[in-house]
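**Student:** Okay, predicted coordinates and the sequence, questions at the end:
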Amino acid sequence: MRHVVITGGASGIGEAVALRLVRSGHRITILDRDLPEFAPWWGSLALENRGAWFSLDVRDSAAVDLAMEDSWAVAPIDGLVTSAGVVARGSLLNQDAEAFGESLAINIQGTVNPVRAALRHMVDAQTPGSIVTLSSTAGLGYVSGLGASYHIAKSAIAGLTHSVAGDYAQHGIRINAVAPGVVRTPMSLSQVSGQNEKLLAARAPAGRLADSDEIAGVIEWLLSPESRLTTGYVFPVDGGQSAVTGAPTEGYPTPERDTRVTGLSPHHASGNGGLL
Amino acid sequence: MSHILVTGGASGIGAATAHMLMTGGTRVSVIDRTEPGVWWAESPGDSRGQWITVDAANRGAYAEAVRTIASEGLMGLVACAGISLKESFLDSTDQAWDDTLAVNVMGSVIAAREVARAMRDSKRGGVIIFVASTVAFGAVASLGSHYHASKGALVALTRSLSSELGPHGIRVNAVAPGLVRTPLTEFMRTTVGEGPLTARVPLRTMANPQDVASAIGFLMSSSASMVTGQIVPIDAGQLTVIGQPLGGFPDIVTPVADPNYA
């Protein structure tokens, strides 16, 4: 059993990671602005899977430091997933300075704070760890519909990931980012109508949007020792969108066969690898 | 029980992948230029598919072998067959370029094309995985320019096929191993030594074939259902580095968590 701290774990990708890790038998701790009542599943977790829940603002480094210290006291931390974040859609001329700054602070400071706090404990205790940050396809290139501050923040998170990977490898700490494309989350679906969803899906070879759990599947692998030689990687989980430089004019069709239903087994990070 | 084809399955990454998949209850068929080793005969009978001995350079027979195996139905292809020649660019011959590209590129193309046709016709989707390399993204001293070029071609092939085959429910990805303890790197390990070689990478270690097999197993699984067109490094952090510390990366204080392969 490993202990994994998840920021933004009350909903969306963070929640999907939490549920996946619990299914695999791990202990999770949540840092979120919401109270645990927001996530009805939290109360029904078995005691050994339930670490702690801290309601805080990830921009508040003192609060994050304190929460990490208390989390460590529950059990040494083996993994961290920084999924707290906000989307910003205004182009550079369409987002006021205050909203711009707030978007950068939540996404960048809100990632740096927990990464630094967790790193400090792992290095001091001389225990290995795996960190997964949340970048985006907007951290790799231009994505229409996402704002300048979002592009900047998600690139910054990729930069943080490269830096920490190089500096802390000697301490047995791996750090990778995932770069999701469009995912069906409350954050995205609140702004995507049925018609838009089809257009968004047509941008990727997979021809559909990702479910949160499909992002969580990659995060779980990156957290597990089975990816022990992968660090500093920004892993696109986007149905192939980032592999495409020139898409078909009409976009990609809804696939005749969904990649979720291939008759392949799920990956179990149980220590013996592969399709076990 | 799903059925997966591993080319180059007799040694190195291919053998580790075949072995790991078979241990996990997958039926594996192998195409290699060499005959099966003892481990193949000792593997559980129902996990053993066909073994066809043929060289990728023999295109017609190679395609025929892939078709024979694909006719049973295939959920996945892992194209591992590859060679590496060491001569410098200035001394390289047309023959060395032809040989390298014939196995590393055309071998992968032929296997993927036959398998993808079968997957399209079956309407069941599937997964194709190529073995690229960190050399596709940056020069690695003492590996040949033909090897670099062939692995770069596989990266472009991965991206192109992810786009074309996505609508058929076929995911196409690659792994990019850095330094792996395989027969292919034996000359570097004996001439340069593992110490100086690993000073280039943050995690200060070479990969074992099982580490690459583990990533392949993940990409093959349903947990990677939204991953296509990607090249996943198993490189101890090599690709994240542009400017390494003078004298190489420092000694390891704490090793990374290890999976304890069975």
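**Tutor:** Sure thing, it's come through. Just so it is clear, the model here is predicted, and its values are computed rather than measured.
**Student:** quick one: low-confidence ranges for chain B?
**Tutor:** B:261-262 (pLDDT under 70).
**Student:** repeat for the stretch 101-250 of chain A
**Tutor:** A:186-187, A:189-195.
**Student:** What is the burial count for residue 224?
**Tutor:** With no chain named, the answer covers chain A. By other Cβ atoms under 10 Å in any protein chain shown, the residues close to A:Ser224 number 26. For the C-beta atoms, the positions are set from N, CA and C on the backbone; glycine is no exception.
**Student:** not quite, I wanted chain B
**Tutor:** By other Cβ under 10 Å, neighbour count at B:Ala224 equals 26.
**Student:** May I have the secondary structure class of the residue nearest to B:Arg33 when sequence neighbours are not counted?
**Tutor:** Excluding the flanking residues, the one nearest B:Arg33 by Cβ to Cβ, 6 or more residues apart in numbering or on different chains is B:Asp55, at 4.2 Å. Secondary structure for B:Asp55, judged by DSSP: H, G, I helix; E, B strand; the rest coil, is coil.
**Student:** With A:Val81 instead?
**Tutor:** Looking at A:Val81 with three-state DSSP, the answer is strand.
**Student:** show me the contacts for the residue nearest to B:Arg33.
**Tutor:** Residues in contact with B:Asp55 (Cβ atoms under 8 Å, 6 or more residues apart in numbering or on different chains) are B:Arg33, B:Tyr62, B:Val103.
**Student:** For the residues you listed, pick the one with the most neighbours.
**Tutor:** B:Tyr62 (25 neighbours).
**Student:** what helix or strand is that one on?
**Tutor:** helix B:59-70 (DSSP states H and E).
**Student:** Mind listing the strands the helix or strand following that helix pairs with, and their directions?
**Tutor:** Later in the chain than helix B:59-70, the nearest helix or strand by DSSP H and E is strand B:76-79. Strand B:76-79 pairs in its sheet with strand B:3-7 (parallel), strand B:126-131 (parallel), by DSSP bridges.
**Student:** Tabulate those strands (a markdown table), appending mean neighbour count and distance to A:Ala148.
**Tutor:** Shown next, in a markdown table, are those (neighbours: other Cβ atoms under 10 Å in any protein chain shown; distance: least, Cβ to Cβ, whole Å):
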| stretch | mean neighbour count | distance to A:Ala148 |
| --- | --- | --- |
| strand B:3-7 | 28 | 44 |
| strand B:126-131 | 28 | 36 |
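**Student:** Using the three-state scheme, assign A:Arg260.
**Tutor:** coil.
**Student:** Might you report the residue contacts of it?
**Tutor:** A:Glu214, B:Ser222, B:Ser225.
**Student:** same thing with A:Trp41?
**Tutor:** A:Leu19.
**Student:** Show the backbone phi and psi for it.
**Tutor:** phi -70, psi -20 (degrees, to the nearest 10).
**Student:** ditto for B:Ala153
**Tutor:** Residue torsions, per degrees, to the nearest 10, at B:Ala153 are phi -60, psi -40.
**Student:** how deep is it tucked in, by neighbour count?
**Tutor:** B:Ala153 has 19 nearby residues by other Cβ under 10 Å.
**Student:** From the contacts of B:Asp55, pick the one nearest A:Ala201.
**Tutor:** B:Tyr62 (37.1 Å; Cβ to Cβ).
**Student:** residue contacts, the closest one?
**Tutor:** B:Ile31, B:Val54, B:Asp55, B:Ala56, B:Gly107, B:Ile110, B:Ala111.
**Student:** Tell me which residues touch B:Gly248, please.
**Tutor:** If you count contacts by Cβ under 8 Å, 6+ apart, then B:Gly248 has B:Pro196, B:Ala199, B:Arg200 around it.
**Student:** got the contacts of A:Arg260 as TSV, with secondary structure and distance to B:Ser162 columns?
**Tutor:** Rendered in TSV, the data for the contacts of A:Arg260 read as follows (DSSP: H, G, I helix; E, B strand; the rest coil; distance: Cβ to Cβ, whole Å):
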residue	secondary structure	distance to B:Ser162
A:Glu214	helix	16
B:Ser222	helix	17
B:Ser225	coil	13
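**Student:** circling back: just the buried members of the contacts of B:Tyr62?
**Tutor:** Buried members of those, counted by 16 or more other Cβ atoms under 10 Å in any protein chain shown: B:Ile31, B:Val54, B:Asp55, B:Ala56, B:Gly107, B:Ile110, B:Ala111.
**Student:** what's the farthest-apart pair in those residues?
**Tutor:** Within these, two members stand farthest from each other by Cβ to Cβ: B:Asp55 and B:Ala111, at 12.8 Å.
**Student:** which residues of the stretch 1-150 of chain B fall in helices?
**Tutor:** Assigned by DSSP state H, counting those that start in this stretch, the helices in the stretch 1-150 of chain B fall at B:12-23, B:38-42, B:59-70, B:94-100, B:107-122, B:145-165.
**Student:** Nearest to B:Gly229, out of the contacts of B:Tyr62: which one, please.
**Tutor:** For those, the nearest to B:Gly229 is B:Ala111 (18.4 Å; Cβ to Cβ).
**Student:** Surely the closest one touches B:Val78?
**Tutor:** No: assessed by Cβ atoms under 8 Å, B:Ala111 is found out of contact with B:Val78, at 9.4 Å.
**Student:** Now for these two: what residues contact both?
**Tutor:** Contacts common to B:Ala111 and B:Val78, judged by Cβ under 8 Å, 6+ apart, are B:Leu5, B:Thr7.
**Student:** in the stretch 101-250 of chain A, which spans are helices?
**Tutor:** A:110-125, A:148-168, A:186-189, A:194-201, A:212-223.
**Student:** Chain B: which of those is closest?
**Tutor:** Closest to chain B of these is helix A:212-223 (Cβ to the nearest Cβ; 3.5 Å).
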